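J.: The following comprises the amino acid sequence and a computationally predicted model.
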Amino acid sequence: MRLPLAPSAGSSASAATDSPLILTTYASEGGVEQDLDIFPVLREEAYLESNPEARPARALHIMAAEGDVEGAVDLLRTVSEEEAGNAEEALGRLIRYQDPLADSKTALHLAVEAGKEDFVWLLLWVSTTLPDATFPDASRALAQSALQDVNGNIPEALARESPIFLQLVQAGILRP
């Protein structure tokens, strides 16, 4: 009989805190670590094996906790490109993802907890309709870079080249 290592969507947050310890000795280039609990790693791998669609969101969560803004920009760009027709919806799901392995926290929760201000600003830029002036200049520039393709073009620049998007360009809808 196989026991689920990852809590199910309906399980309580206490399931994660009542987890068993699986202690081992871990040797790597960095040295030897005694009594390393590998249960969280096994639980995460089991969860991701059962829910492969959660991999990008879990990656975003790790980046949020570490404050890896550049990695997050690359991830957001990749998701946007892969989900060309549904990019906005896919990004929304990614940003709103509540991790069952982390007390249903979002990337924003994790960034705030870790004090990663630039990451918080990036998530707010991508997921809100706050006026541009709300954002610090450096945060705005970094967030706008997430909206560029490999040639540095934003959708508005490409739309200016096509008469069918003239109304969108004039209305400022495609402006980052």
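T.: In hand now; what should we look at? Residues are numbered from 1 along each chain as shown.

J.: how many other residues sit next to residue 116?
T.: Residue 116 has 22 neighbouring residues, counting by other Cβ atoms under 10 Å. From N, CA and C alone the C-beta is placed, and that goes for glycine too.

J.: Against residue 79, how distant is the residue nearest the centre of the chain?
T.: In the chain, the residue lying closest to the centroid (Cα atoms, centre = their mean) is residue 60, at 2.6 Å. Per Cβ to Cβ, to the nearest Å, residue 60 is found 9 Å from residue 79.

J.: Have a look at this protein and report its longest helix.
T.: helix 69-82 (DSSP state H).

J.: So which elements touch the helix or strand following that helix?
T.: Sequence-wise, the next helix or strand downstream of helix 69-82 (DSSP states H and E) is helix 87-96. Contacts defined by 3 or more Cβ pairs under 8 Å, 6 or more residues apart in numbering; DSSP states H and E place helix 87-96 against helix 55-66, helix 69-82, helix 117-127.

J.: so how far is helix 87-96 off the chain centroid?
T.: 9 Å (Cα atoms, centre = their mean, to the nearest Å).

J.: Next: stretch 87-106.
T.: With Cα atoms, centre = their mean as the basis, stretch 87-106 stands 7 Å off its chain's centre.

J.: related to what we said a few turns ago, what distance separates the longest helix of the chain from the centre of its chain?
T.: Offset of helix 69-82 from its chain centre (Cα atoms, centre = their mean): 9 Å.

J.: could you check the distance from residue 26 over to residue 126?
T.: 36 Å.

J.: swap in residue 42?
T.: 32 Å.

J.: contacting residues around residue 136?
T.: Residue 136 is in contact with residue 121, counting by Cβ atoms under 8 Å, 6 or more residues apart in numbering.

J.: Got phi/psi on it?
T.: phi -60, psi 150 (degrees, to the nearest 10).

J.: One more: residue 34?
T.: Residue torsions, per degrees, to the nearest 10, at residue 34 are phi -80, psi 150.
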